[in-house]
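> no sequence for this one, just the structure:
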RNA sequence: AGAGUCGGCCAGACGGUCGCGUUCCGUGGCCCUCGUCGGCCACGGGCCGAGGAACGUCCGGACUCCACAGGGCACGGUGGUGGCUAACGGCCACCCGGGGCGACCCGCGGGACAGUGCCACAGAGAGCAGACCGCCUCAUCGCGUGCGGUGAGGUAAGGGUGAAAGGGUGGUGUAAGAGACCACCAGCGGCCUGGGUGACCAGGUCGGCUCGGUAAACCCCACCGGGAGCAAGCCCAGAUAUGCGUGCGUUCGACGGCGGCCCGCCGGAGCACGCGGGUAGGGCGCUCGAGCCCGUCGGCAACGGCGGGCCUAGAUGGAUGACCGUCACCGCGCGCAGAGCAAUCGGCGCGCGGCACAGAAUCCGGCGUACCGGUCGGCUCUUCCC
RNA sequence: UGGGGUAUGGUGUAAUUGGCAACACUAGUGAUUCUGGUUCACUCAUUCUAGGUUCGAGUCCUGGUACCCCAG
């Protein structure tokens, strides 16, 4: 899984990431990813948070979806940019999708993000 | 063998790789009010890590804080009896009523001579009953001489309406009838005897002859209930502005204890609303408890006593996951050989698919609800064999 | 955690103390018209669900399901 200090832990952090721009929806029926560089965290490792709403399913389904997403993110920690916080929002279809599909959706979103970042810089 | 009924248990198993959370040990680093159990961080290793319903939140408690002069009126809950329990609206046993051939199942199961209300439509009449048709008597009129009309009465046996029409059957009796009277039966009430802790049951005797339903309508009776809830509550660190406005108050008493109201008692100088300002970090509570397992004793049982053993999740954007392998289990398809006249049946192999309901958040005892299935046992009925 | 409420044709709402489930719009069918509109008539209900009380339940009681609101 993902260590606690690499996850978003407070409601304020989530709000800060979601409020600013930086949304990429790769395979929109599965995931929506938000990414933002928050001031004051430039040299700290990146963090990831997950949002799994009630439209995904009951508590068992929501928890399992969150765990599988965390596992996929753990395998891709090296791809994340330091100082950037991510929020992954699960769509209803994510609960039934195989983990490989979730992983490739994450890859696509991260590739899209790095391409955009290159353009802006 | 088939059909059924009741109850208990399980909730796929084993292994590999990479991870997460609590906690312990070791190594290293940093900090200080230097501790040989100080705090924090990193790495390595070890133990442990969701459920029978963790769920819904429908009841009951433990625990914590507040309140504990009292009285009255309300309010809510429960409702056969006896027991179990910390307690309960739960459980066990029994009683009564209903269903089933039976095992067994279902029941908010106190009171309708304390009172009030309601019983639509239909029907003559619906609650200290009621003459529409009918039946009978008398008077009178008519004629076709035993029938019809009219009037005055008697009558609850019959018809019809209704969920329900004030016992049932048979007889005596009568103008026709009627518990008016008699016998038996059903039911009600009183008394006596026996059994049972009791609800109640069985039997006997006497009585007036019969008394509607509805309290999941108001109500009456008995019993129970102080309030709030782990975001309870306690501690540490830290920030800001006893700021501004309005209203009510300072022994003519606001407000609070006090939950709904009243009386009364106690505290009592602030209280309520709006605007504005600040914070939203950490720790304890937090898991050893009416605990679980085994044995034994008491009890029909629920349950309890005694002895021995065990320690079994504590997260806080919230930890038990991801990817595989092997073997079980279920369904479908194909193949192989077999049993049988046949429908079909089980066995082996291969492939594909499936493997429920559902995720702890202070903790227990219940209830209710969801659920693929598997397994064990008790009992009942039917059929066959010995 | 505590408290309160709602569910009725496809949609939005009614239904005095229990007594034939009503209204508007929409949809469908038919009539009127050369056609369409308008108008008229008819059709469309497991009263959320499972039981119970009662002669009789949308209404009363119990359990369940879904949704909404309030306080912290």
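Ah, there it is. Source: prediction; values computed, not measured.
> Check the secondary structure at the most centrally placed residue in chain A for me.
Centroid-nearest residue in chain A: residue A:88, 2.9 Å away (criterion: CA atoms, centre = their mean). Here residue A:88 is recorded as strand under DSSP: H, G, I helix; E, B strand; the rest coil.
> next one: residue A:34
strand.
> Leaving out sequence neighbours, find the closest residue to it.
residue A:87 (4.4 Å; CB to CB, 6 or more residues apart in numbering). The C-beta positions use only the backbone N, C-alpha and C, and glycine is treated the same way.
> how far does the biggest helix by length in chain A sit from the chain's center?
Counting residues, the longest helix found in chain A (DSSP state H) is helix A:99-120. Taking CA atoms, centre = their mean, to the nearest Å, one finds helix A:99-120 lying 10 Å from the centre of the chain it belongs to.
> and it, which residues are buried?
By 16 or more other CB atoms under 10 Å, the buried positions in helix A:99-120 come out as A:101, A:102, A:103, A:105, A:106, A:108, A:109, A:110, A:113.
> The residue nearest to residue A:34: how many residues sit nearby?
Neighbour count of residue A:87, defined by other CB atoms under 10 Å: 23.
> hmm, back to that, now do the longest helix of chain A, average pLDDT.
Taken as a whole, helix A:99-120 carries a mean pLDDT of 74.
> just checking, what packs against that helix?
Using 3 or more CB pairs under 8 Å, 6 or more residues apart in numbering; DSSP states H and E as the contact criterion, the elements in contact with helix A:99-120 are strand A:23-24, strand A:31-37, helix A:59-74.
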